[in-house]
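sharing a sequence plus its predicted fold:
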Number of protein chains: 2
Amino acid sequence: MAVNGDAATITLGTYLFKRIRQLGVGTVLGVPGDFQLELLDYLYKVPNLRFVGNANELNAAYAADGYARVRGLPGVFVTTHGVGELSALNGVVGAKTEQVKVIHIVGQTPRFMQKNRLMIHHSLGFDPDHQIYNEMSRHARLTQAELHLFENDIPGAAREIDRVIRECMVRSGPVYIFIPLNMVHEELPASLLDTPIDLSLPVDIKAQTAAVEAIKTALQEAKKPAIFADALTHRHNAVPEARALAKRLQIPAFAANMGKGILDESDDFWVGIYHGQVNWPGVTDALESSDLILVLGSLPCDTNTGGFQRKFGTDKTIEINPNYVVVKGKQFPKTYIKPLLAELTKSLEGVEIAKVPIPQLPQRKIPRDHEASHLTQTWIWKEIASTFRPGDVVLGETGTASFGLVGERWPQDMTYIFQGYYGSIGYANPAALGADLALQDIADETEAPRRRTYLVIGDGSLNLTINEIGTMCTYGAKPVIVVVNNAGYTIERVIHGARQPYNDINPTAYDHLLPVFKHPDPENCFRRVVQKSEFAAAFDPSRIENNKHLQLIEVVLDKLDVPWQLLTHLKRRGEKQIKYMQEEGFKEQY
Amino acid sequence: MAVNGDAATITLGTYLFKRIRQLGVGTVLGVPGDFQLELLDYLYKVPNLRFVGNANELNAAYAADGYARVRGLPGVFVTTHGVGELSALNGVVGAKTEQVKVIHIVGQTPRFMQKNRLMIHHSLGFDPDHQIYNEMSRHARLTQAELHLFENDIPGAAREIDRVIRECMVRSGPVYIFIPLNMVHEELPASLLDTPIDLSLPVDIKAQTAAVEAIKTALQEAKKPAIFADALTHRHNAVPEARALAKRLQIPAFAANMGKGILDESDDFWVGIYHGQVNWPGVTDALESSDLILVLGSLPCDTNTGGFQRKFGTDKTIEINPNYVVVKGKQFPKTYIKPLLAELTKSLEGVEIAKVPIPQLPQRKIPRDHEASHLTQTWIWKEIASTFRPGDVVLGETGTASFGLVGERWPQDMTYIFQGYYGSIGYANPAALGADLALQDIADETEAPRRRTYLVIGDGSLNLTINEIGTMCTYGAKPVIVVVNNAGYTIERVIHGARQPYNDINPTAYDHLLPVFKHPDPENCFRRVVQKSEFAAAFDPSRIENNKHLQLIEVVLDKLDVPWQLLTHLKRRGEKQIKYMQEEGFKEQY
């Protein structure tokens, strides 16, 4: 063991942040607290790693999630004992259910306080167990490093950090690192950093080869195969491989609504988003009439299947899941989606695949409200989509935005962030911060042009986490934010209580929002759009492309106007729901 | 069993809200969600009960806590499955550790979804257990009603609701009521509402009599007794009894800083706040030299004892705890503070108690910075306290505010809300909403004049929950809000990292804040104070007494200026801390 203070030793705090930097992470989020200030000091000493302070801890968790989704690297955030870690919990559970890589570092009380069960602030009750919060978040994570168990074995603590970082990356989900305040200063050999953390997937090569062979055979036999991409493809970092496979196969390509952006929709063989039975005309038939469906990274929750209406027969389905494959009912365990897709594409070299005519979808009907001069749900989504550019990261918040956004065809090389399964409203605004910080980091580290973050969020949802716009302004994050202002929780109104006051929200004057957070140019960077005729000026490329600052655009819609996809989705609930929606004035638009 | 739909039956949803109304509660807080919209419909049908929608669920929990602290009744709030209930968790844990009555109603998925483990939105993973969130919050509460266990026994579900409401009231802390969506419509006999919930304390009358006797004897024997009030007196609704006892005894009266406002500081026998060794000159000696200390409702956490420096000997201490008494080491279990104090006062009729001279504290020194023209910590707290009026509810946020506020003498009949043990920053702003809604309810239900809510909060803390000001504006809550703007987390700076960027926050332009939330008169209701000379105009009674609307006053302080109490508190940590504070420029002011 090196002498204390020797260059050959580093502190455990330094070790932790160096390991995080080694992954490629450039930003650590969080909220400071007195049980981790000294830990954060070590962060500043790691080159090319920065700390971004969030408005609160739940926002930090959401932002870490957004960061991770853009980079395929962990979103890392730091909170303090009890008050901080529990405030963030809901965001971490979201990352778990959506399989997003998040590292939640919790600064705990020093060991002597823990051992003496001191009633230190942030503790629970008399004679408090300081590990009780750790216990409360057990189901929120894949695994955890409980460094208090290693107070007499600091190299062991370092190995434990390595272990949970590996789990985070390999299994794709949140992990916790609990570190008592006093332990951040403990020293260990710097040489432990020389061996990189093993991030290799535990692939069973034999199983993988067999799976690839079985898929290849099935593809060769198929007369009308199709490919269908879903969310977990993205979470397990297999988007490039999925795109490459689709381009190789040239068969009709589809995606789940949570899988939007995984395949390039600019490709000729792109057909559309399949959402159970809730699709543009022709999409359902086109996919369901296939004789083989290659399903990538399936996440079959209600909101991703049109209410459990995704109907593929086992006998004509190949499921490529994150860590196992099923070919027409036969399982191949320990096969991982990213390497498997790469191998599959390679194995198809020279192999003949059926030339499937790409289904031509019928012309869309003209909506009933197409002559309205004000903004309508039938009009706005196509217009917004027309302003997207290749490389954009688009966030759609749960609500009418998430239903409206997915129906349009997008440019190539898009990333879509939508917390469709967990569906925690308020998520998307802090996630947009995290996404844009990730794009900053990427731009700083590569020659590639700075990409754009584009957030579409309802007024109801934004209200929950609106304070994170302050963090954006402080750290130069500059998403284009479109606020769909329809005077409350419209997605709840169409489900129940259309005119009940509980679906109203506290009204917000968005024109005053940017000045509150000291935005550098609020006058020029806010627009409000009520009429269709005002749209083009507000969304002009000179304003929203290569924009210097955050852009805020309020689009005003009627509170009972909803995307047809949402209406159709809910109609499947039956007569009672249909009658309710009719009586309350939610109108069929097509 | 009555016929379905008969007036003799009511729904379980109605039953729940009628029970809550029977307690005297007038406001239910929360955030709507699709698993409880139909439950909320029943709330609107209960006379004199209203729903107030918060900006987010954590704020709802904080607001419920604030409501409860003003009324001594449960603060009630409603969230939805998973996303809502977990977002609120940190606020509920705060209520548990601070022993605040909170009822958290969670709208769960319908039973058929639970039984089929459907991957419905807000669920966790594949094959999800819908009760997993319930499991995660187990340590956050005293008890819970899990109504899914009573799906075939609706009257049993009603009894379960009664049971947890009783626990909430009797033990004073948070409880959960989980109600699956479909069950809100189940019917039960309306007559079950006729029997009030038994809220009586399970007092052991014999033990209580013996305890009262022992205390009386000790008081008669004492030559220099004193009374010391702490936070749990308030939580267990014993403030009137404590005040009556103090007025009867006329012995020197003190309070812990978390117990401020329990005793009337306008009484002649009031001495001061005792905070371990961190007190105005004379207070420590005055209390510690007593030969008998009557300690009411002790909460001996670090932040309430000057860092565990509260030094009362067992042999001269009478502890009157929420549900047991200790007289000089002898325990009397099953004695409850509220009835015990009432009995004690009654038993003292005609009894002679030593006439103790009330200690005269020395004149305060003149602070070194007393000639500064700008606002200083040594100047501002006395000035702010001078604007308090009898009956005010004052909230002090964790931070410099909570240290500065408590040192001054206040008028009579005050309520002080300070989450001193849990110390979750961001708490006080939503809690002020809850407090002011409680004052609205009280004013609506009594002849008494409308009291005032007065919030003092730092810029760092307000940042976390600033969106709740929107709820205040919507529902006509009108606290006087003083924002101490010292450019970040000053309380963290004095602990560690005085100039580290992690202690900076995203700057806020408070002059733009009220317009964002559509405050009805933002121009007249905002003031910024930098110089001492500007203070009087901003705090003029015409503006902040009987104010029609929410008043926002920004007071600007230097970021390295801290209350002397905080400096003294931290000096007790030893040489290293003292040296740090000196080097970083935190100056001794006296």
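Looks like it arrived, so ask away.

only C-alpha atoms for contact and neighbour calcs from this point on.
Will do.

where do the helices of the stretch 351-500 of chain A begin and end?
For the stretch 351-500 of chain A, the helices defined by DSSP state H, counting those that start in this stretch cover A:377-385, A:400-405, A:428-445, A:459-464, A:468-474, A:490-495.

among these, which is nearest A:Val484?
Closest to A:Val484 of the helices of the stretch 351-500 of chain A is helix A:459-464 (CA to CA; 5.9 Å).

list of residues touching that closest one?
Residues outside helix A:459-464 that contact it (CA atoms under 8 Å, 6 or more residues apart in numbering or on different chains) are A:397-398, A:425-427, A:429, A:483-489, A:505, B:55-56, B:467.

do the same with stretch A:142-161
With contacts defined as CA under 8 Å, 6+ apart, stretch A:142-161 is touched by A:12, A:15-16, A:96, A:111, A:164, A:167-168, A:173-180, A:183, A:186-189.

within reach of chain B, which of these are there?
A:Lys96 (CA under 8 Å from any CA of the partner chain).

mind listing which of the contacts of stretch A:142-161 are in helices?
Among the contacts of stretch A:142-161, the ones falling in helices (DSSP state H) are A:12, A:15-16, A:96, A:111, A:164, A:167.

from the stretch 301-450 of chain A, which residue is nearest to chain B?
A:Tyr422 (4.1 Å; CA to the nearest CA).

for chain B, what are the nearby residues on the stretch 401-550 of chain A?
Residues of the stretch 401-550 of chain A found near chain B (CA under 8 Å from any CA) are A:420-424, A:463-467, A:470-471, A:473-474, A:492, A:495-497, A:502-503, A:505-513, A:515-518.

give me the buried subset of those residues.
A:420-424, A:463-467, A:470-471, A:473-474, A:492, A:495-497, A:502-503, A:505-508, A:510-513, A:515-518 (16 or more other CA atoms under 10 Å in any protein chain shown).

who's in contact with the residue of the stretch 1-150 of chain A found nearest chain B?
The nearest approach of the stretch 1-150 of chain A to chain B comes at A:His122, 4.2 Å away (CA to the nearest CA). Residues near A:His122 by CA under 8 Å, 6+ apart: A:81-83, B:421-424.

dump those to CSV, plus pLDDT and distance to A:Thr27.
Output for the contacts of A:His122, formatted as CSV (pLDDT from 0 to 100; distance: CA to CA, whole Å):
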residue, pLDDT, distance to A:Thr27
A:His81, 98, 21
A:Gly82, 98, 23
A:Val83, 98, 23
B:Tyr421, 98, 32
B:Tyr422, 98, 29
B:Gly423, 97, 27
B:Ser424, 98, 25
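
farthest-separated two in those residues?
A:His81 and B:Tyr421 (12.9 Å).

so for stretch A:212-222, mean pLDDT?
Per-residue pLDDT over stretch A:212-222 has a mean of 97.

give me the contacts around that stretch.
So stretch A:212-222 is in contact with A:225, A:291-292, A:318, A:327, A:340, A:343-344, A:347-348, A:351-354, going by CA under 8 Å, 6+ apart.

of the residues you listed, select the buried ones using a PyMOL command.
To isolate the buried members of those in PyMOL, using 16+ other CA under 10 Å:
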select buried, chain A and resi 225+291+292+318+327+340+343+344+348+353+354
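
of the contacts of stretch A:212-222, which is the nearest to A:Leu232?
If you rank these by distance to A:Leu232 using CA to CA, A:Leu340 comes first, at 14.0 Å.

if I pick the closest one, what's in contact with it?
Applying CA under 8 Å, 6+ apart, the residues contacting A:Leu340 are A:208, A:212.

so which strand or helix has it?
helix A:337-347 (DSSP states H and E).

surely A:Pro225 meets A:Val356?
Yes: contact criterion CA atoms under 8 Å: A:Pro225 and A:Val356 qualify, at 7.3 Å.

shared neighbours, these two?
A:251-252.

low-confidence stretches in chain A?
Across chain A, the ranges flagged by pLDDT under 70 are A:1-7.

drop anything exposed from the ones in helices among the contacts of stretch A:142-161.
Among the ones in helices among the contacts of stretch A:142-161, those classed as buried by neighbour count (16+ other CA under 10 Å) are A:12, A:15-16, A:96, A:111, A:164, A:167.

that older thread, hang on, the residue of the stretch 1-150 of chain A closest to chain B in a helix?
No: with DSSP: H, G, I helix; E, B strand; the rest coil as the criterion, A:His122 is coil rather than part of a helix.

and the closest residue to it other than its chain neighbours, what is it in contact with?
Among residues not flanking A:His122 along the chain, B:Tyr422 sits closest, at 4.2 Å (CA to CA, 6 or more residues apart in numbering or on different chains). Taking CA under 8 Å, 6+ apart, we find B:Tyr422 in contact with A:83, A:121-124, B:94, B:97-98.

next: A:Ala401.
Residues in contact with A:Ala401 (CA under 8 Å, 6+ apart) are A:456-458, A:484.

and what of A:Gln208?
Neighbouring residues of A:Gln208 by CA under 8 Å, 6+ apart: A:332, A:334-336, A:340.

among those residues, who's most crowded?
Ranked by the number of neighbours (other CA atoms under 10 Å in any protein chain shown), these place A:Thr335 first, at 28 neighbours.

returning to that earlier point: and of the contacts of A:Gln208, the nearest to A:Leu552?
A:Tyr336 (40.7 Å).

now the closest one. Nearest residue, chain neighbours left out?
Here the residue nearest A:Tyr336, using CA to CA, 6+ apart, is A:Asn323, at 4.3 Å.

burial of the one you found, as a residue count?
A:Asn323 has 20 neighbours, counted by other CA under 10 Å.

please tell me I have it right and it contacts A:Thr335.
Yes: at 5.2 Å, A:Asn323 counts as touching A:Thr335 under the criterion of CA under 8 Å.

interface residues of the stretch 1-150 of chain A facing chain B?
Looking at chain B, the residues of the stretch 1-150 of chain A close enough under CA under 8 Å from any CA are A:31-34, A:37-38, A:40-41, A:51-53, A:55-56, A:58, A:82-84, A:86-90, A:93-94, A:96-98, A:118-125, A:132, A:136-139.

the stretch 251-400 of chain A too?
The stretch 251-400 of chain A has residues A:300-303 near chain B, with proximity defined as CA under 8 Å from any CA.

out of these, which are inside strands?
Using DSSP state E, the subset of those located in strands is empty.

before we move on, the earlier item: distance check, the residue nearest to A:Tyr336 against B:Asp436.
With distances taken as CA to CA, to the nearest Å, A:Asn323 is found 54 Å from B:Asp436.

neighbours of A:Gly350, just the number please.
Per other CA under 10 Å, the neighbour tally for A:Gly350 reads 7.

next, it: secondary structure please.
coil.

roughly how far apart are A:Arg111 and A:Glu135?
Distance, A:Arg111 to A:Glu135, by CA to CA: 17 Å.

brain fart, A:Gly75
A:Gly75 is 22 Å from A:Glu135, by CA to CA.

between the two, which has more neighbouring residues?
A:Gly75 (33 against 11).

can you get me a residue count around the closest residue to the more buried one other than its chain neighbours?
Using CA to CA, 6+ apart and skipping residues adjacent in sequence, the residue nearest A:Gly75 is A:Ala64, 4.0 Å away. Neighbours of A:Ala64 under the rule other CA under 10 Å: 36.

pretty sure A:Ala64 is touching A:Val78, no?
No: contact criterion CA under 8 Å: A:Ala64 and A:Val78 do not qualify, at 10.0 Å.

quick one: stretch A:77-96 to chain centroid distance?
On the basis of CA atoms, centre = their mean, to the nearest Å, stretch A:77-96 sits 17 Å off its chain's mean C-alpha point.

that should have said stretch A:382-400, apologies.
For stretch A:382-400, the separation from the chain centroid amounts to 14 Å (computed by CA atoms, centre = their mean).

what's the span of that stretch, first residue to last?
Note: stretch A:382-400 ends 14 Å apart using CA to CA.

now that stretch: buried residues?
Neighbour-count burial for stretch A:382-400 [16+ other CA under 10 Å]: A:382, A:384-385, A:387-389, A:391-400.

before we move on, what about stretch A:260-278?
For stretch A:260-278, the neighbour count (16+ other CA under 10 Å) marks A:260-265, A:267, A:269-278 as buried.
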